[in-house]
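Peer 1: got a predicted structure plus its sequence, pasted below:
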Amino acid sequence: MRFAHFVSQKAKMWGIVEGKLLRVLQGSPFGEWRATEDMVSLKDVTLLAPCYPSKIVCVGLNYRDHAKELGMVLPQVPVIFLKPPSAVIGHGQKIVYPSSSRQVEYEAELAVIIKKTIRNVPAEHVGQYILGFTCANDVTARDLQREDGQWTRAKSFDTFCPLGPFLAVDLKPDCLTIKLTVNGEIRQNSSTGEMIFPVAELVSFISSVMTLYPGDVVMTGTPPGVGPLRVGDVVSVEIEGIGILSNEVVAG
Ligand code: ZN
């Protein structure tokens with residue numbers, strides 16, 4: 001099942017995706033909810049990112065095929081970093097290319113959305129703390145990442161964290177096709193089966209460092225084929241069972 005968070009007639013609400021329609025919910029998938037008889041058309045609503053994270057925890061190198069592409073040895077421990085919640089945008093919103101960068105790049109990623117507070121939980125038990133999954137784009141100012149050494153500036157510009165279009169629940173995350181296109185041309189095409197640290201291990205590891213709260217996001221790394229974005233591009237992340245997250249790049 002897939003949930004959508006959206007604005008319809010100026011009200012924020014949740015719905016269940018039924019083809020090209022949304023069945024309106026009372027409540028939200030993060031708590032109690034009930035499906036109503038009300039339906040709205042997907043084309044008549046503005047989709048929002050499907051969560052309100054207190055933080056977005058990301059992992060550096062996490063795809064075997066990407067490590068191979070870069071000629072890097074596999075990490076023994078996940079290298080994690082943060083993106084701020086202020087960077088989040090939804091499907092259809094615009095990525096703003098900052099004037100301080102000359103090399104903004106895309107990174108298609110599977111995003112995990114946390115359901116309930118989790119701290120220090122072993123991998124075999126993290127399932128019950130995960131609400132579901134969405135598509136993410138870990139937009140990065142690569143030149144500033146190199147220049148700074150620290151990654152905060154490069155990863156944190158407003159609009160640098162597109163999430164969406166839907167929140168998919170009951171999805172097994174360990175062998176999903178993940179693709180990214182720029183203006184319809186395929187640039188990344190892999191499987192989440194290539195992950196060095198699979199979802200459960202990664203969430204468990206992060207929970208041994210920091211408490212994750214409902215709505216927090218864990219981004220699970222990107223496959224090979226990372227490359228540049230230009231003003232005017234439309235970049236789309238597609239993950240099997242979730243949908244297609246598309247965003248246009250505009251000048252800052
Ligand atoms: Zn990334």
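Peer 2: That came in fine, so what should we check first?
Peer 1: what's in contact with stretch 174-189?
Peer 2: Stretch 174-189 is contacted from outside by 106, 108-110, 137, 190-193, 195, 198-199, 222-227, 229, 233-242, using C-beta atoms under 8 Å, 6 or more residues apart in numbering. Every C-beta, even on glycine, is put in place using the N, C-alpha and C of the backbone.
Peer 1: break down the stretch 101-250 of the chain into its strands, ranges please.
Peer 2: Shown for the stretch 101-250 of the chain, the strands assigned by DSSP state E, counting those that start in this stretch span residues 104-106, 108-114, 130-137, 140-141, 161-168, 177-182, 185-191, 217-219, 227-228, 234-239, 243-251.
Peer 1: among the contacts of stretch 174-189, name the buried ones.
Peer 2: With burial judged by 16 or more other C-beta atoms under 10 Å, the buried subset of the contacts of stretch 174-189 is 106, 108-110, 137, 190-192, 195, 198-199, 222-226, 229, 233, 235-239, 242.
Peer 1: so what's Tyr118 closest to, chain neighbours aside?
Peer 2: Careful, residue 118 is Ile and not Tyr. Excluding its sequence neighbours, the residue lying closest to Ile118 (C-beta to C-beta, 6 or more residues apart in numbering) is Tyr129, at 4.1 Å.
Peer 1: I'd say the one you found and Ile113 touch.
Peer 2: No: applying C-beta atoms under 8 Å, one finds Tyr129 not in contact with Ile113, separated by 10.4 Å.
Peer 1: before we move on, back to that, the residue nearest to Ile118: neighbouring residues, count only.
Peer 2: Neighbourhood size, Tyr129 [other C-beta atoms under 10 Å]: 20.
Peer 1: how close does it sit to Val77?
Peer 2: Tyr129 sits at a distance of 21 Å from Val77 (criterion: C-beta to C-beta, to the nearest Å).
Peer 1: OK, contacts around the nearest residue to Ser41 once chain neighbours are set aside?
Peer 2: Ranked by C-beta to C-beta, 6+ apart and with sequence neighbours excluded, the top spatial neighbour of Ser41 is Leu21, at 5.9 Å. Contacts for Leu21 (C-beta under 8 Å, 6+ apart) come out as 39-42.
Peer 1: can you name the residues that contact the closest residue to Glu124 other than its chain neighbours?
Peer 2: Leaving aside its chain neighbours, Glu124 sits nearest to Ala200 (7.3 Å; criterion: C-beta to C-beta, 6+ apart). By C-beta under 8 Å, 6+ apart, the residues touching Ala200 are 123-124, 126-127.
Peer 1: can you tell me the closest non-neighbouring residue to the closest residue to the ion within the stretch 151-252 of the chain?
Peer 2: With C-beta to the ion, the shortest gap between the stretch 151-252 of the chain and the ion falls at Thr222, namely 4.7 Å. Using C-beta to C-beta, 6+ apart and skipping residues adjacent in sequence, the residue nearest Thr222 is Glu107, 3.7 Å away.
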